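Asks: Next come a sequence and a model predicted from it.
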Amino acid sequence: MTLELPQTFLAGLFGLLIGSFLNVVIYRLPRGQSLVTPPSTCPGCGTRIRPIDNVPVLSWVLLGGKCHKCRAQISIQYPLVEFVTGALFLLVAWVTPAGPLLAARLLLVVILIVLFGIDLHHQILPNVITLPGIVIGFLFSLVGPPGWTNSLLGIALGGGILYAIAAAYYLVRREEGLGMGDVKMLAMIGAFLGWKAVLVTLILSSFAGALVGIGIIAFTKGTMRLALPFGTFLSLGALAAMLVGDPLVTWYSGFFVP
Ligand SMILES: [Zn+2]
C-alpha cells in the first residue's frame, strides 16, 4: 500500500525542508564546519538569514535571488537543491509502499543529493557518508527489499567492479583515474538497492558521463583537461536505477528470453 494523496504531498513538503538542510550539509561538511551552528548568514554581508527569508524555494524567488539587506547574489543552487529534494520525496513516496522500504529510499535520496553536490564542488566523496551508508543500507535489507543476500552481493559487486577498474587504470596509466570514494559509493548503492541496480547504475552513469564529457570536449575544442566527478554521475544513475530500474531490467532481459 502506498501513501494516501495528502500524505504524499506532506512527504514532498517535508522534502523541501530537508533540502534546505542539505544545502548546509553540502556547503559545510567538506569544509569541516559544524552542521548545526552557527545559523546561516549571507555570504556577502554576514547578516543572519531571517526565518522568513529561509522558506524553501519561495524566499529565493520572492527576493529575486538576492540578500534582503546587501542585495548580494545568492546561488540558484540553494532553491534547486530544495526543489529537487522536495520533488524526489514526492515521487518516491508516491511509488513506494509505506514501511521500511520507503524510509530506506528517502534516506538514499538524501545521501545521493549530498554526494552529488559535494563531489561536484570538491571532487571528494566523504567516508563519513559512504561507509555508514553501506552499513545502513545492509541493515535496511534485513527488513525489506532487496533482501540481505542481494544487498551483500550488491556491496561486493559495486565495490568489486569499480575497484578492478581503478586498479587496471592505475596499472596502465600510472595515475589515479577513479578514486576509492567512487568504489565505496557504488558499494553503498549496492547495499541499498541490490546487485542488479549496481549494473543499471554503472551503465547509466557511464553513459551520462560520456555524453557530458563529449559535450565538453566539443564545446572547448578539447583544450579543457577532463576531470569529471564520477560520483556526481553515480548519484544520477542510482536515482534512475531506484525509480525505473526494475522495468528497465525486465525490458532489457526481454531481448534474451525467447
Ligand atoms: Zn547580504
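Replies: Sure thing, it's come through.
Asks: which bits of this protein sit near the ion?
Replies: Proximity of the chain to the ion (C-beta under 5 Å from the ion) is limited to residues 42, 44-45, 67, 69-70, 72. For glycine as for every other residue, the C-beta is placed from the backbone atoms N, C-alpha and C.
Asks: 6 Å - rerun?
Replies: 42, 44-45, 47, 67, 69-70, 72 (C-beta under 6 Å from the ion).
Asks: Out of these, which sit inside helices?
Replies: When the residues of the chain next to the ion are checked against helices using DSSP state H, none is located there.
Asks: Quick check: the farthest pair among the residues you listed?
Replies: Using C-beta to C-beta, the two most remote members of these are Thr47 and Ala72, lying 9.6 Å apart.
Asks: Adding neighbour count and pLDDT as columns, could you present the residues of the chain next to the ion in CSV?
Replies: Formatted as CSV, the entries for these read as follows, by neighbours: other C-beta atoms under 10 Å; pLDDT from 0 to 100:
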residue, neighbour count, pLDDT
Cys42, 18, 87
Gly44, 14, 86
Cys45, 11, 90
Thr47, 14, 89
Cys67, 19, 91
Lys69, 14, 89
Cys70, 12, 92
Ala72, 13, 92
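Asks: Could you pick out which of the residues you listed are located in strands?
Replies: Here DSSP state E is the test, and the residues of the chain next to the ion give no hits in strands at all.
Asks: wait, which of the residues you listed is closest to Lys184?
Replies: Comparing those against Lys184 with C-beta to C-beta picks out Cys42 as the nearest, at 35.2 Å.
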